[in-house]
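> next comes the sequence, and after it the predicted model I'd like to discuss.
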Amino acid sequence: MQIEDMKQHPDMFHYDSDKVNGNFTLLLGENEEHDYHAKRLYIFNSLPIISQMIVQRDLYTFKK
């Protein structure tokens with residue numbers, strides 16, 4: 001799976017369920033799969049999550 005491959009490159013990818021410490025994560029809906037057919041739904045549903053992650057990252061970055 002692509003996620004597992006990305007985890008093998010910590011110099012570029014920082015997997016973390018924490019929305020501030022990582023630069024990627026995998027979120028799956030209940031009874032959903034990570035496949036081509038679900039991509040539009042995932043992208044649409046992830047927009048608010050991505051927006052919140054950006055705001056949290058920026059708040060964390062500016063507090064330092």
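Happy to help now that I have it. Computed from a predicted model, the values in this text were never measured in an experiment.
> buried residues, the helix or strand where L47 lies. List them.
For L47, the host element (DSSP states H and E) is helix 39-63. Neighbour counts over helix 39-63 (16 or more other CB atoms under 10 Å) mark 42, 53 as buried. Yep, even glycine has a C-beta here, placed from its N, CA and C like the rest.
> now what about it, what contacts it?
19-20, 27, 29, 32, 34 (CB atoms under 8 Å, 6 or more residues apart in numbering).
> quick one: low-confidence residue ranges for the protein.
Residue ranges of the chain with pLDDT under 70: 19, 64.
> recalculate using a threshold of 80.
Confidence mapping of the chain against pLDDT under 80 gives the ranges 1, 17-20, 25-39, 42, 60-64.
> C-alpha coordinates for stretch 20-37, PDB please?
C-alpha atoms of stretch 20-37 as PDB (Å, rounded to 0.1, in the frame of the first residue of the first chain):
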ATOM      1  CA  VAL A  20       0.300  19.100  13.700                       C
ATOM      2  CA  ASN A  21       3.300  16.800  13.900                       C
ATOM      3  CA  GLY A  22       2.800  14.800  10.700                       C
ATOM      4  CA  ASN A  23       2.700  15.900   7.100                       C
ATOM      5  CA  PHE A  24       0.400  13.000   6.000                       C
ATOM      6  CA  THR A  25      -2.100  10.600   7.500                       C
ATOM      7  CA  LEU A  26      -4.700   8.200   6.300                       C
ATOM      8  CA  LEU A  27      -8.400   8.700   7.300                       C
ATOM      9  CA  LEU A  28     -10.900   6.200   6.100                       C
ATOM     10  CA  GLY A  29     -14.700   6.400   6.500                       C
ATOM     11  CA  GLU A  30     -16.600   3.600   8.000                       C
ATOM     12  CA  ASN A  31     -17.200   0.800   5.500                       C
ATOM     13  CA  GLU A  32     -15.100   2.600   3.000                       C
ATOM     14  CA  GLU A  33     -11.900   1.600   1.100                       C
ATOM     15  CA  HIS A  34      -8.900   3.600  -0.200                       C
ATOM     16  CA  ASP A  35      -9.600   3.000  -3.900                       C
ATOM     17  CA  TYR A  36     -10.100   4.800  -7.200                       C
ATOM     18  CA  HIS A  37     -13.900   4.800  -7.000                       C
END
